[in-house]
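S.K.: any chance you could fold what I've pasted below:
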Amino acid sequence: MKRSLLLFLTFFVTFSNFATEKELKTIPKSKTAKVLKSVAYATIRSTLLVSYVEGEEKESVYTSCSENFPSMPGDFPCNYLDYEGTTMEVAQSSGVNEGEATEGSDPEDVNPGGKVTIKLIKQKSPNLNGKIVLLGEGEDQLKLFYQPKGQISHYIFRKTLVIFKWDVSRSEPSLTGLLFVNVNRDFFPEEVKEYTF
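M.R.: Here you go, the predicted model:
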């Protein structure tokens with residue numbers, strides 16, 4: 001009886017630790033094509049082949065992602081999971097409660113992530129027909145691509161493409177997973193990793 005109980009507790013503790021540690025899962029090369037086809041990779045790649053320059057600059061709040069997210073390349077701001085920059089799946093690090101007066105407060109306390117300049121591109125992405133936002137400059141720039149209904153489709157930072165997998169069958173789209181794709185200079189995939197929420 002004691003041995004069974006000890007075996008059960010060992011199994012339970014091991015399983016609990018395994019279940020709480022989420023990690024990126026590398027997709028084997030043999031399954032890469034199928035995984036990328038499921039997210040319309042050819043359409044996503046076509047959006048990366050175009051230069052985007054003409055747009056309107058504006059200042060925006062930067063809000064980091066919550067603990068529910070893995071480390072995001074380029075410090076992706078999770079308030080930009082939707083085009084309006086209002087998604088609430090963000091870090092709960094602000095000490096300001098809803099309805100609380102902020103007059104006279106330090107701006108860093110109200111917006112702990114600070115402010116950034118973004119560029120709203122006038123043209124829509126080819127094939128995807130969604131909006132585009134550029135964040136940052138040079139090699140540290142994030143290019144964010146949105147679906148026509150406003151949720152983010154994918155973004156690229158240096159040579160890492162992050163693809164967002166959404167469940168759109170509900171009244172509110174729900175983020176179900178992420179694909180991290182290391183790409184070559186022609187944006188063909190070299191390695192794919194998956195993160196599931």
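S.K.: so what's residue 70 up against?
M.R.: Residue 70 is in contact with 22, 24, 178, 195, counting by Cβ atoms under 8 Å, 6 or more residues apart in numbering. For glycine as for every other residue, the C-beta is placed from the backbone atoms N, C-alpha and C.
S.K.: swap in residue 73?
M.R.: 157-158, 160, 162, 180 are the contacts of residue 73 under Cβ under 8 Å, 6+ apart.
S.K.: and the gap between it and residue 193?
M.R.: Counting by Cβ to Cβ, to the nearest Å, the gap from residue 73 to residue 193 is 11 Å.
S.K.: can you list the strands that the helix or strand harbouring residue 145 pairs with?
M.R.: Secondary structure from DSSP states H and E places residue 145 in strand 142-146. Take DSSP bridges as the rule and strand 142-146 pairs in its sheet with strand 132-135 (antiparallel), strand 152-157 (antiparallel).
S.K.: if we can go back for a sec, can you pick out the most distant pair from the contacts of residue 73?
M.R.: Taking every pair in the contacts of residue 73 and measuring Cβ to Cβ, the maximum separation is 12.1 Å, between 158 and 180.
S.K.: the two: who's more crowded?
M.R.: Between residue 158 and residue 180, counting by other Cβ atoms under 10 Å, residue 180 is the more crowded of the two (20 against 13).
S.K.: now do the strand holding residue 145: everything it contacts.
M.R.: By Cβ under 8 Å, 6+ apart, strand 142-146 touches 44, 47-48, 52, 74, 76, 80, 82-83, 125, 128, 130-136, 152-157.
S.K.: I am finished for the moment; much appreciated.
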